[in-house]
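Asker: Provide a 3D model corresponding to the input given below.
(2 chains)
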Number of protein chains: 2
Amino acid sequence: MLFGILIDRSVIKVVIHYPNGQARPSHQLSKPTILEGNKKSNFANRGMRFEEAINQSNDYYLSRNIAVVHKKPTPVQIVSVDYPRRSAAVIKEAYFKEASTTDYNGVYKGRYLDFEAKETKNKTSFPLKNFHQHQITHMKMCGNQGGLCFVLLWFSTIQRCFFYPSPLLVSYWETSQRKSLPLGVIEQNGIEISLGIAPRIPYIQAVDAYIQSKETQYGK
Amino acid sequence: MLFGILIDRSVIKVVIHYPNGQARPSHQLSKPTILEGNKKSNFANRGMRFEEAINQSNDYYLSRNIAVVHKKPTPVQIVSVDYPRRSAAVIKEAYFKEASTTDYNGVYKGRYLDFEAKETKNKTSFPLKNFHQHQITHMKMCGNQGGLCFVLLWFSTIQRCFFYPSPLLVSYWETSQRKSLPLGVIEQNGIEISLGIAPRIPYIQAVDAYIQSKETQYGK
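Answerer: A predicted model of the protein is given here:
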């Protein structure tokens, strides 16, 4: 008997599959990695994930015609599909694929926005291991095309959120020997985002401030 | 015995599941819908899908720093995951979700690009049933934010490909009583794309022509 853990947004239940007739008690299951909607980082003391708070903020911006930003679906390689009824296809075997881009993109006042959201429990610096080479490469290429790219950094322990421009992150990634980005550097070069109610993470304010600072810098 | 069809880019094989011990011969399987990489529309007489040709074109543009455009992953609701080894998570139950956006977006020369690619076997018009309300709504909202939105239309029988601006499609969708967009209208208001080798579908040329026509129109 092989047990698989069904994880949904609201319920966790256990079902039984019989792939080979071999018994496998539930306590022998390896630890499942955490799925969308199930991770609890106690975001801003409301039991909400950082990612979920961003998605809510995107919904807010979308519903008010402020910006159109969506999280990209998790890339999955589908291998096997069952069709118990014509209307309901059930994916029976699939694998997680590595994404080739960042998680979020969209359009705001004619500008292409592209960002990644990451969190850490650290208090004094942001570990660079949170980022992957393909994300850095993607942000670089989008920046070369004139896209506005950044990362949203969430320090869950000290409850602080920052907008940090990708060009500075890329530069630090490529030149620094350090394995993390010090909070002092983030405070100096990033833009702190004060959490709100609606939207929860008003990152568009930071985007505006960033655009203004660039226009001032280049005298546009 | 329940048979499921495993579909991969390169191989098709049959495996056996034992969900309930009930026998179900393979000839009773309902017809599987066609998965990514497996559909043959004989695109440009090369046995290639239209979508695949666009993905190749995106790869071409990406590798030459011309534009950064990616197809969004198919949205999937993951319900059950097995962890036979710590390194290899296997999705055992998942369902297709309806996308809330179009399939492609990205950045080109500072502009936000957003498009959907569709094909028809019709020879004289493009059936509007190929589009869904959520795609129309999304294109409208992106357009309101200053994004450059369009559709790529492929007439597989007559082997002709068109760039058609979303604002015109949205307008036709909302005002016309007809269920399809006549080829004559597409020829008049769209931009025909001559197929190439690299890239296979040089849609960026059409984007350039469209930008130029808008700038001429508005005297920018």
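
Asker: how is chain A divided into domains?
Answerer: A:1-32, A:40-72+A:101-218 (automatic domain parsing).

Asker: just the ones you listed: most buried one?
Answerer: The highest mean neighbour count among these, using mean count of other C-beta atoms under 10 Å in any protein chain shown, belongs to domain A:40-72+A:101-218: a mean of 18. (Each C-beta comes from the backbone N, C-alpha and C, glycine too.)

Asker: close to chain B, is that domain?
Answerer: Yes. Judged by C-beta under 8 Å from any C-beta of the partner chain, domain A:40-72+A:101-218 and chain B are in contact via A:62, A:65, A:67-68, A:70, A:72, A:101, A:105-112, A:114, A:138, A:141-142, A:144-147.

Asker: the helix or strand of chain A with the lowest mean pLDDT: what's the following helix or strand?
Answerer: Between all helices and strands in chain A, the lowest mean by mean pLDDT, DSSP states H and E belongs to strand A:12-17, at a mean of 33. Of the helices and strands lying after strand A:12-17 in sequence (DSSP states H and E), the nearest is helix A:50-63.

Asker: mind checking pLDDT for A:Ser26?
Answerer: We have a pLDDT of 35 for A:Ser26.

Asker: neighbouring contacts of stretch A:137-148?
Answerer: A:100-102, A:108, A:111-114, A:116, A:149, A:166-167, A:169-170, A:207, A:210-211, B:62, B:65, B:67-68, B:107-111 (C-beta atoms under 8 Å, 6 or more residues apart in numbering or on different chains).

Asker: and the closest residue to A:Ala94 other than its chain neighbours, what does it touch?
Answerer: In this structure, A:Ala94 finds its nearest non-sequential neighbour in B:Ile91, 4.0 Å apart by C-beta to C-beta, 6 or more residues apart in numbering or on different chains. By C-beta under 8 Å, 6+ apart, B:Ile91 lies in contact with A:Val76, A:Ile91, A:Glu93, A:Ala94, A:Tyr95, A:Phe96, B:Val76, B:Ile78, B:Ser80, B:Val81.

Asker: which ones are touching A:Ala198?
Answerer: A:Tyr60.

Asker: sorry, wrong one. I was asking about A:Tyr95.
Answerer: A:Tyr95 neighbours (C-beta under 8 Å, 6+ apart): A:Val76, A:Gln77, A:Val79, B:Ala88, B:Ala89, B:Val90, B:Ile91.

Asker: beta partners for the first one?
Answerer: Translated: A:Val76. Beta bridges link A:Val76 to A:Phe96, judged by DSSP bridges.

Asker: would you map the strands across chain A?
Answerer: A:2-7, A:12-17, A:68-71, A:76-85, A:88-96, A:104-108, A:111-120, A:125-127, A:148-155, A:160-165, A:180-182, A:191-193 (DSSP state E).

Asker: of all the ones you listed, which one comes closest to B:Arg200?
Answerer: Proximity to B:Arg200 (C-beta to C-beta) singles out strand A:76-85 among these, at 23.2 Å.

Asker: give the other helices and strands that the closest one contacts.
Answerer: In terms of contacts (3 or more C-beta pairs under 8 Å, 6 or more residues apart in numbering or on different chains; DSSP states H and E), strand A:76-85 is packed against strand A:88-96, strand B:2-7, strand B:76-85.

Asker: return the set of buried residues in that strand.
Answerer: Buried residues in strand A:76-85, counted by 16 or more other C-beta atoms under 10 Å in any protein chain shown: A:Val76, A:Ile78, A:Val79, A:Ser80, A:Val81, A:Asp82, A:Tyr83.

Asker: possible to save the domains of chain A as JSON lines with distance to B:Cys161?
Answerer: Shown next, in JSON lines, are these (distance: least, C-beta to C-beta, whole Å):
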{"stretch": "domain A:1-32", "distance to B:Cys161": "41"}
{"stretch": "domain A:40-72+A:101-218", "distance to B:Cys161": "24"}
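
Asker: compare the mean pLDDT across those and name the weakest.
Answerer: domain A:1-32 (a mean of 35).

Asker: of the contacts of B:Ile91, which is the nearest to B:Ser194?
Answerer: For these, the nearest to B:Ser194 is A:Val76 (34.9 Å; C-beta to C-beta).

Asker: from what I can see A:Arg111 touches B:Tyr112, true?
Answerer: Yes. Here A:Arg111 reaches B:Tyr112: they are 6.9 Å apart, a contact under C-beta atoms under 8 Å.

Asker: ok so, going back, for A:Arg49, find the nearest of the helices and strands packed on strand A:76-85.
Answerer: Between A:Arg49 and the helices and strands packed on strand A:76-85, the tightest spacing by C-beta to C-beta is seen for strand B:76-85, at 15.8 Å.

Asker: distance between stretch A:51-62 and the chain's centre?
Answerer: 12 Å (C-alpha atoms, centre = their mean, to the nearest Å).

Asker: and the contacts of A:Tyr95, which two are furthest apart?
Answerer: A:Val76 and B:Ala88 (13.8 Å).

Asker: what residue lies at the spatial centre of chain A?
Answerer: Nearest to the geometric centre of chain A sits A:Ala117, at 4.1 Å (C-alpha atoms, centre = their mean).

Asker: and that residue, how close does it get to chain B?
Answerer: 17 Å (C-beta to the nearest C-beta, to the nearest Å).

Asker: show me the contacts for the closest residue in space to that residue that isn't next to it in sequence.
Answerer: Computed as C-beta to C-beta, 6+ apart, the closest residue to A:Ala117 that is not its neighbour in sequence is A:Leu152, at 4.3 Å. By C-beta under 8 Å, 6+ apart, A:Leu152 lies in contact with A:50, A:54, A:115-118, A:161-164, A:193, A:201, A:203.

Asker: pipe those into JSON lines and attach distance to B:His132 per row.
Answerer: Output for the contacts of A:Leu152, formatted as JSON lines (distance: C-beta to C-beta, whole Å):
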{"residue": "A:Phe50", "distance to B:His132": "31"}
{"residue": "A:Ile54", "distance to B:His132": "26"}
{"residue": "A:Phe115", "distance to B:His132": "27"}
{"residue": "A:Glu116", "distance to B:His132": "29"}
{"residue": "A:Ala117", "distance to B:His132": "28"}
{"residue": "A:Lys118", "distance to B:His132": "33"}
{"residue": "A:Cys161", "distance to B:His132": "35"}
{"residue": "A:Phe162", "distance to B:His132": "38"}
{"residue": "A:Phe163", "distance to B:His132": "34"}
{"residue": "A:Tyr164", "distance to B:His132": "37"}
{"residue": "A:Ile193", "distance to B:His132": "35"}
{"residue": "A:Ile201", "distance to B:His132": "30"}
{"residue": "A:Tyr203", "distance to B:His132": "29"}
